[in-house]
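Engineer: Got a predicted structure plus its sequence, pasted below:
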Amino acid sequence: MKADKNGVLSGSHVLSGNQACAEGALAAGCRFLGLYPIVPSIEISERFLERAPQVGATFIQMEDEVSALAAVLGASWTGKKSMTVTSGPGLSLMMEHLGLGVMLETPCVIADIQGVGPGLGLPTHPAQGDMMQARWGSHGDYEIVALAPSSPQEMFDYTIKAFNFSERYRIPVAIMSDAHVARLKETVLIPPADQINVEPRRYYEGAKDSYLPFKRDKDFVPRMVDIGQGYRFHVTGLTHDDRGYPIMFEECQEYNVHPLVWKIRQAADKIVEVQETDTDEADVVVVSYGATSRAALKAIKQARDSGIKVGSLKLVTVWPFPEKRVAELAKRARAFVVPEMNCGQVVLEVERNTYGEANVFFVPHGDNGVEHTEDILSAIKQASQTNVAKSGIIELA
Amino acid sequence: MEALRTDSKQEIHPMENLLRMDRMPHIWCPTCGIGIAVTAFTAALEKAKIDPNTVSIVSGIGCTGRVAGYVKLDSFHTTHGRPIAFATGIKVASPKTKVVVFSGDGDLIAIGGNHFIHAARRNIDMLVVCVNNFIYAMTGGQVAPTTPLAAYATTSPYGCVEPPFNIPYLADSSGAVYVARWTTLHVRRLTNSLTEALQKKGFAVVEAISPCGMYYSRINRLGDGLDMMRFYHDNVEIRHGEDTKNLDIGFQTKIICGKFVDRERPSYMERYNQWLSDVKTAGRRSGGQRGSRK
Amino acid sequence: MKANPKDVLTGIYYIDGDVASGYGALAAGCKFVAGYPITPSTEAFEAVCRRGPQVGAVFIQMEDELGSISAIVGAAWSGVKTMTITSGPGYSLMQECIGFGAMLETPFVLLNIQRGGPSTGVPTKTGQADIMQSRWGSHGDYELIALAPDSPQEMFDYTIKAFNLAEKYRCPVMIMSDECVGHMTEKVVIPEADGIEVEPRRLYTGPAEDYLPFKPEPDLVPKMAKAGDGLRLYITGLVHDERGYPVEDSAYKSKYVRRLVDKIRLNRNNIIELREEGTDDADVIVVSYGISSRVAVKGVEIAREKGIKVGTLRLVTVWPFPDDRMSELAKKARAFVVPEINYGQVVYDVARCAHGDANVVLVPHGGAGVHNPNDIADAIEMAVREEKKIEGLVEFKTRLQKSVFEGGFKLKE
Amino acid sequence: MNSIISALNKGIEAAGVDRKRISITSDIPFEPEAVRSLGVDYFQTPRGRAIAFGTGLKLGNPSLKVIPVVGDLMTLGGNHFVHGGRRNMELLVICVNNFVYKKIAGIPAPSTQATFSPYSTFEEPFNFPHLGNSCGAVYTARWTALHTKELAASVSEALHKRGLSMIEVLAPGPNYYRRIDVVESELLQFYFENSVVKNNEDPRNAAITGDDKIIVGKFTDKERPTFIDSYNVQHTKILGDKFTPHGPASEKQKVSGGKNG
């Protein structure tokens, strides 16, 4: 399906990452924003609010993040594509409803602009400390999709992608950006509406009285209906059967929750997206995502200039993690270098998927914030010179 | 139970079109008043002549939280304390939907207290039915913010030390446009109030008092369901229009019921639409100012 | 320091895990408990409510879990040992303040009785699917300690240990129990007070004007103070310096957050507690924690009867994770079998530490029940027979899965 | 913000409370210098949790005087406020109402005044004194940043109240979070022109509507047993000698506790 012309501001604009995210949402057909303001995600709301009257989108500023995501889930069942925007502490408050979104299989998008944590941290400084939280932060078993844009253009593109994934698989999708990308102003090309592919909601089309809200298609994804159509369906956060009625047995738990996990795991090959350059003959592969990949690309270029065979694996989707691709590369490359703006999160996944076939070097958050090109460069150099297989992650001081 | 089920197949329940008969029997205990409140609600829905297809009902967690599962409307059983927030999303995204929040006191007033006062302040157009059973019943009888002073509960084994909320006063002072309180003895009056509240524009709150027969009455040795009904009969005073600040409930004291607030305030959507048309006519009046900010 | 005899209910009892944990908290000197009722953890809070007032411990039932956790962080800074009690959804709500507590280096204990999830899930039945959440649930970088007891006796013992670890490392400590252990009634022996070692708070005793609330000692843990002592504390959840004042300096921020992480990572060998049995010459090692480890015992028994050399490794502290020991064992054993009541959480860390040296088999369970020991035995057998190295997790197909998805199983009404 | 701190300073001085015993919990960042000048303990909590945090402090050590200073107009913390009032937890809540979130100007906040929002705001604000009064606060007052003397007097009075006191202060937010939407002097000018003192006014008439003048003054001053009082009384009644009353027992508790126990 093509995008609704109404929401697409086609043309070339100079936008900040945050603004691009709002534009992406409107282009993807998002018509409801539930928000609670928090630095540094505010510009998304501001842009959305400014444009909302022109596009016919609604919004509400709720009393906290807990209710902001609750409202978004409610709005999604009215047939409107919905999103919320937040940052670290807000994301923590949303964790309970992330689980509800998973359980009710409600499509929605959560944009998280990461600042330094934990606690109140340093809201205005970029970090990537919520990556694991996006995957593991709510109680119980679930899988979600998380995207990590590294530029305003990607903020726009990935936001659309996020809405598409959320509609396709009926899950909450997280856009894991950070304060750096959010503030960065760059040229963003917004294509004409007819060049933007938008995933329509997967509506149920059969007879009214035989509708079952959680009857799964072959790909484990159930069909949805809007409220007010006379289906009079019931959905619950309790473990439920196809009808959406709570049944609390071991068997039903298996029947209900296993597909929640499997609908993503078995489609992982379709969802996972990476951008690779020169990985095939590389000695060292730099795995990066989001803002760090900007610094990584610079370091890679410098390393290449000094004659090191280095490739780049940039994660578009951090979750699901590109397990197979990393395992493949591990057999060929000598080492991975993983720069992150945290104390080691995604690097654990890299380590797991190397199966001892390649060393893993971790470049933690440098003192210079985003710009730690030099640290990455020295890690690449060290990685290319280390011949012995080391056990565990080698962390650069 | 088996006999009951066979009967329900043979005879048509008068509210069959509004109840999920395939979910019967329900989970509520004997002596529980939630069923009465549900019946009153379904009757009110018919009386108010609202198309059931346009009604969404949202519940939270707890005994009353299960109501959504038994009412045959578009029904949502959400997380603890958040039904009002969830319902706000539905109402704002789809203003033509009639939204009803049906939940318990612990859900709406304890953990959901913030959403309750803020939705009342915004005057979101919805009906909130709060079944007040004086306790957290689903989890086994813990003290609630509605438990009368000195009453026993499992987490107040030596008597409740916190004074309870006066729900109508809280609703009134936060800005609700319709506030009424009845007990489950007053089925007809409760139904009438719900009918009125359903037709009201704005945030309407109806409190239905129905102390939990299992965990409140028993622990406090107040007898069974019939004794509770007798108690209401003897101790309820109906005072319409009473100042909401006089509506405190003590331990086994007089309960004042009635319709206390019925006023007009612009609802959230009215204000929103007003704003929308202002914006569209006036344009973005502060655009320049905002643009200059870094 | 020894426990205060007044706090300890010495004797032999037949109580459930929740209650044992409540008694353990009081025995450890806990003087403030804030809670909010949530199945299946209420019994622990009820136990504190009954006994607390008799030993001078105050309790409050807050309006929600957000309030409970904020209150106990506050209480910890007023100088008392403190705890909150919750389960799945409540735990999710607490995430923000757990990170806040970690940032303030606040000692407190959080008892999480896990249930079937996600969302409301199955409140009355068991699960182990919050275990990754206890490590990663709050935003930003932090490390904390999580214990997984497997019996009411351990609920008592490890609640005391949790308080001791919290005071020692000034960090939040999670007791990641589950509904099965919480509602399991067994004999619990509560020793005499002088048989219980409790860690006192590491209070600062020097002159007030020299006090720096976040100046680390050699083990990276700073001395604590309490409100009302005239130290003019300035405590903030923002990134702060040793004085506690907020800093905007990005050089400092990496150093500071780093110490929060390092004080656990570098002390890990003092924190980690494992129970190993027959791991040295085992072909297959069963890695488990909490209730799963009790079910695994039976599975191991069955496998051993078939002549398979099985070792068991029980994670008593799940976090920090015993990376080194796991890598060491991977070199010796052919495979790990990990039964957990979720669709794969701790198994990821086992696989990570195996570094391809051993295969890793997950025996999943969705929750609302425990494993069938025969599944664990079969998984062990499968693992021992597999000669080649397998990349990726091997997910064992349990009897339950087969019956639900293949056996023409009909859900009961 | 400075006016609030100086009023707090004067109020604490006048109340004669030992500064060592005072803890400020706040979700608004205070300058470290300001805290030093006050000579109190200060805790910055996550947004909205100042009252809950203060509840813990107070119950952990009942001899403390806890002053939660709440910004963000109590949106996230509204629940803690109403429940604190109901319990009558002994806290002095200072609610800083700066009409718009200075931090995040442009987005409507619960008490946003039409005048200061980029679009005319459509949400009606809370009437905080009325809300406080209705959920059981023993002391409610409202002042603007201009009424420094009255504010200080209120602080000193409220510090001696047993129970939850609430003072709403209409004041510009902390400097470094302010955006350009409002010029501080304009705001002060606005307070000057638009406020009227009406002590003992029924708080339900004290709504800030935007049409009428802002009513400031002291609205509520009553007595109710505090949480710790009821906790001690009830437990002494049932448990008798087995129960040690919590915190410094007042004369009143001893009398009522002894009678029943």
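Structural biologist: Structure received.
Engineer: near chain C, which residues of chain B?
Structural biologist: Residues of chain B found near chain C (Cβ under 8 Å from any Cβ of the partner chain) are B:61, B:77, B:79-81, B:106, B:110-111, B:113, B:136, B:138-140, B:142-143, B:145, B:154-158. C-beta coordinates here come from the backbone N, C-alpha and C atoms, glycine included.
Engineer: try 10 Å
Structural biologist: Taking Cβ under 10 Å from any Cβ of the partner chain as the criterion, the neighbours of chain C within chain B are B:5, B:22-23, B:60-62, B:65, B:77-81, B:106, B:109-114, B:135-136, B:138-145, B:147, B:153-158, B:160-162.
Engineer: Pairing partners for A:F59 in the sheet, please.
Structural biologist: Note on A:F59: beta-bridge partners by DSSP bridges are A:L33.
Engineer: A:T354: neighbour count?
Structural biologist: 23 (other Cβ atoms under 10 Å in any protein chain shown).
Engineer: Which pLDDT value goes with it?
Structural biologist: pLDDT, A:T354: 93.
Engineer: Kindly report the same for the one 10 residues further on.
Structural biologist: Looking at A:P364, its pLDDT stands at 87.
Engineer: Also D:I180?
Structural biologist: 40.
Engineer: which stretches of the stretch 151-261 of chain D form strands?
Structural biologist: D:165-170, D:195-197, D:214-221 (DSSP state E, counting those that start in this stretch).
Engineer: Quick one: closest of those to chain B.
Structural biologist: strand D:214-221 (11.6 Å; Cβ to the nearest Cβ).
Engineer: Convert the C-alpha atoms of that closest one to CSV, please.
Structural biologist: Extracted C-alpha coordinates of strand D:214-221, given in CSV (Å, rounded to 0.1, in the frame of the first residue of the first chain):
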residue,chain,number,x,y,z
ILE,D,214,-5.9,34.6,40.8
ILE,D,215,-6.9,34.1,44.4
VAL,D,216,-4.0,33.7,46.8
GLY,D,217,-4.0,33.2,50.5
LYS,D,218,-4.2,30.5,53.2
PHE,D,219,-7.3,28.4,52.6
THR,D,220,-7.2,25.4,54.9
ASP,D,221,-5.9,25.0,58.5
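Engineer: follow-up on the earlier one: pick the most buried one from the strands of the stretch 151-261 of chain D.
Structural biologist: strand D:165-170 (a mean of 28; mean count of other Cβ atoms under 10 Å in any protein chain shown).
Engineer: any low-confidence regions in the stretch 301-413 of chain C?
Structural biologist: C:408-413 (pLDDT under 70).
Engineer: so how many other residues sit close to the nearest residue to C:G278 once chain neighbours are set aside?
Structural biologist: Once flanking residues are discounted, C:G278 sits nearest to C:G311: 4.2 Å by Cβ to Cβ, 6 or more residues apart in numbering or on different chains. Here the count is done by other Cβ under 10 Å, and C:G311 has 21 residues near it.
Engineer: Could I get the phi/psi values of C:G311?
Structural biologist: phi -110, psi 160 (degrees, to the nearest 10).
Engineer: circling back to that earlier point, CSV please, covering the strands of the stretch 151-261 of chain D and showing distance to A:L238.
Structural biologist: Converted to CSV, the strands of the stretch 151-261 of chain D look like this (distance: least, Cβ to Cβ, whole Å):
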stretch, distance to A:L238
strand D:165-170, 39
strand D:195-197, 52
strand D:214-221, 43
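Engineer: you'd agree A:E143 is in a helix?
Structural biologist: No - assessed with DSSP: H, G, I helix; E, B strand; the rest coil, A:E143 is coil; it does not lie in a helix.
Engineer: pretty sure D:K149 is in contact with D:V197, am I right?
Structural biologist: No - judged on Cβ atoms under 10 Å, D:K149 makes no contact with D:V197 at a distance of 11.4 Å.
Engineer: joint contacts of the two?
Structural biologist: Common neighbours of D:K149 and D:V197, using Cβ atoms under 10 Å, 6 or more residues apart in numbering or on different chains, are D:W143.
Engineer: what residues does the stretch 101-250 of chain A put near chain D?
Structural biologist: So the stretch 101-250 of chain A meets chain D at A:119-120, A:123 (Cβ under 10 Å from any Cβ).
Engineer: Could you report the separation of A:V388 from A:L396?
Structural biologist: With distances taken as Cβ to Cβ, to the nearest Å, A:V388 is found 17 Å from A:L396.
Engineer: What residue spans form the domains of chain D?
Structural biologist: D:2-221, D:227-260 (automatic domain parsing).
Engineer: circling back: do you know how far the residue nearest to C:G278 is from chain B?
Structural biologist: Counting by Cβ to the nearest Cβ, to the nearest Å, the gap from C:G311 to chain B is 41 Å.
Engineer: who touches that residue in this structure?
Structural biologist: C:G311 sits in contact with C:276-287, C:300, C:329, C:332-333, C:336, where contact means Cβ under 10 Å, 6+ apart.
Engineer: is it in a bridge, and if so with what?
Structural biologist: Using DSSP bridges, the beta-bridge partners of C:G311 come out as C:I285.
Engineer: Then the one 4 residues further on?
Structural biologist: Taking DSSP bridges as the rule, C:L315 bridges to C:L274.
Engineer: Just give me the neighbour total for it.
Structural biologist: C:L315 has 26 neighbouring residues, counting by other Cβ under 10 Å.
Engineer: again, but for the one 3 residues further on
Structural biologist: Neighbours of C:V318 under the rule other Cβ under 10 Å: 24.
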